[in-house]
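**Student:** Here you go, sequence then predicted model.
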Protein chains: 2
Amino acid sequence: MTSGTAPQPGKHTVRAFDEELNHLSGRIIYMGGLAEQLVADALDSLVQRDPDLASRVIQRDDELDRLEEEIDREVVRILATRQPLAVDLRMIVMALKISNDLERTGDYAVSIAKRARRLADHPRVLPTSLITEIGSTCVAMVKDVLDAYVERDTDKANEVWKRDEQVDSAYTSFFRELVTYMLEDPRKISTCIDLMFIAKNLERIGDHATNIAEKVIYMVRGAEINRPRHDAR
Amino acid sequence: MTSGTAPQPGKHTVRAFDEELNHLSGRIIYMGGLAEQLVADALDSLVQRDPDLASRVIQRDDELDRLEEEIDREVVRILATRQPLAVDLRMIVMALKISNDLERTGDYAVSIAKRARRLADHPRVLPTSLITEIGSTCVAMVKDVLDAYVERDTDKANEVWKRDEQVDSAYTSFFRELVTYMLEDPRKISTCIDLMFIAKNLERIGDHATNIAEKVIYMVRGAEINRPRHDAR
């Protein structure tokens, strides 16, 4: 199958269909950009101790939910009115799954922002350098996987996919460090728990970027990536 | 739109199409049954302190990954060869999203099983009654939402959807209780962290059952459920 549309369509139909596909991927890109922004802002709100920024992240998440619903409706409409084939069909179907990953990414950004808002009121007991490092890797993964999606670049998708292991191992080290802090000083327990869950949220954001990478590869090649299991604790 | 298939298809085509749809929902039901089983077994492995059962949960998760890929391929094939409309189209499209929720549910069961396996080696420091209670609510939610899917029963789906609040509030109480234990006795910190993450995994399993409930309602009615936000900590 080399053609991405129904056989022998009129010129007008092809153009309209192309516009629909462009619109759909435009919505995914917009949604991805917003998800990336929310993660970056949630992290900033933690590091800068900025509860107002955290609140803005929490408010803007609704927009991601609406975008996911909009994309779902658009996909159903395109499938009902066109007969997309091959790479187009895969692209449309994957839009549904990718929008779901992006919506979950936003949920994790909200979780981080809620904890950041709470932590802003407490004296800082721990350095945030390691969490910033994990966080910036995750933000870069979300950004790069969207580039891979736009450019249909399987090499770039593969590269994102591989970086997940890095996040998992940084997460595991950070987790151990936090347990040590808690044992040393029980007054830090509550803060450490917040940081643990923030790290876990970041690790999940990395997982979702990896999921999207798998979908980009499937979309372009039509074959699933062979995924080994390397779950973090 | 009242018809679920393309206009005026031959009798033979209709029957073949119905068989495909039945096969697809059969795979979803099978996948759902397996996800439910893994969650129930993961909980049992925790309560019974049975590391072998925990290991079996971890092994069987691969099957869920394969089922998700199989369902994705089946959906793409049906969409490429048929022109499903209305409720059939929504059912096919939602199969993609539901399979994703079920795959994630399996991932959380694996997380629980990994911690259960570790905890089995340690002396029991805490009662597991509250976690069992949250866990059995979650298992029931997964079971009931699959029934709602099979029976296309929006009332049942709504009921599952409402129960999520119950899980969130039980989770929040349990979380507070664990923090108290940790403050009282720092030797319990490590175990309490495992239990916290197990509780969080259960809370996420409840979220996914709720997601599936929303999809069942959309599938049947063609309209999104109006979802308020009640995120747990």
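**Tutor:** Ah, there it is.
**Student:** name the element residue A:59 belongs to?
**Tutor:** For residue A:59, the host element (DSSP states H and E) is helix A:51-81.
**Student:** which strands and helices sit next to the helix ranked longest in chain A?
**Tutor:** In chain A, assigned by DSSP state H, the helix with the most residues is helix A:11-47. Where contact means 3 or more C-beta pairs under 8 Å, 6 or more residues apart in numbering or on different chains; DSSP states H and E, helix A:11-47 is packed against helix A:51-81, helix A:86-119, helix A:129-151. Glycine gets a C-beta too; all of them are placed from N, C-alpha and C.
**Student:** can you tell me the average pLDDT over the last one?
**Tutor:** Per-residue pLDDT values across helix A:129-151 average out to 94.
**Student:** Quick check: residues of chain A near chain B?
**Tutor:** A:61-62, A:65, A:69, A:72, A:75-76, A:79-80, A:83-86, A:89-90, A:93, A:96-97, A:100, A:107, A:110-111, A:114, A:179, A:182-183, A:186, A:189-190, A:193, A:196-197, A:200, A:218, A:224, A:227, A:229, A:231, A:233 (C-beta under 8 Å from any C-beta of the partner chain).
**Student:** low pLDDT regions in chain A?
**Tutor:** Low-confidence segments of chain A, defined by pLDDT under 70, are located at A:1-9, A:223-233.
**Student:** One more pass at 80, please.
**Tutor:** A:1-14, A:123-128, A:223-233 (pLDDT under 80).
**Student:** Now do the helix or strand harbouring residue A:189 and helix A:86-119, the angle between them.
**Tutor:** Take DSSP H and E as the rule and residue A:189 turns out to sit in helix A:189-221. In terms of direction (axes from the mean of the first three to the mean of the last three C-alpha atoms, to 10 degrees), helix A:189-221 departs from helix A:86-119 by 170 degrees.
**Student:** Please pick the buried ones from the residues of chain A next to chain B.
**Tutor:** A:61, A:69, A:72, A:75-76, A:79, A:83-85, A:89-90, A:93, A:96-97, A:100, A:107, A:110-111, A:114, A:182, A:186, A:189-190, A:193, A:196-197, A:200, A:218, A:224, A:233 (16 or more other C-beta atoms under 10 Å in any protein chain shown).
**Student:** sec struct for residue A:127, please.
**Tutor:** Classification of residue A:127 using DSSP: H, G, I helix; E, B strand; the rest coil returns coil.
**Student:** Just give me the neighbour total for it.
**Tutor:** By the criterion of other C-beta atoms under 10 Å in any protein chain shown, residue A:127 has 9 neighbours.
**Student:** how close does it get to residue B:155?
**Tutor:** To residue B:155, residue A:127 is 52 Å away according to C-beta to C-beta, to the nearest Å.
**Student:** Likewise for residue A:84?
**Tutor:** Counting by C-beta to C-beta - residue A:84 and residue B:155 are separated by 35 Å.
**Student:** same deal with residue A:198?
**Tutor:** With C-beta to C-beta as the criterion, residue A:198 and residue B:155 are 38 Å apart.
**Student:** One more: residue A:11?
**Tutor:** Residue A:11 is 49 Å from residue B:155, by C-beta to C-beta.
**Student:** and if you look at residue A:120?
**Tutor:** Distance, residue A:120 to residue B:155, by C-beta to C-beta: 43 Å.
**Student:** what's the answer for residue A:49, then?
**Tutor:** 47 Å.
**Student:** Who has more neighbours out of the two?
**Tutor:** residue A:49 (17 against 9).
**Student:** Next, give phi and psi for the residue nearest to that one when sequence neighbours are not counted.
**Tutor:** Spatially, and ignoring its direct neighbours in sequence, residue A:49 is nearest to residue A:120 (4.4 Å; C-beta to C-beta, 6 or more residues apart in numbering or on different chains). Main-chain dihedrals, residue A:120, degrees, to the nearest 10: phi -60, psi -30.
**Student:** Does residue A:120 touch residue A:50 like I think?
**Tutor:** Yes - assessed by C-beta atoms under 8 Å, residue A:120 is found in contact with residue A:50 at 6.8 Å.
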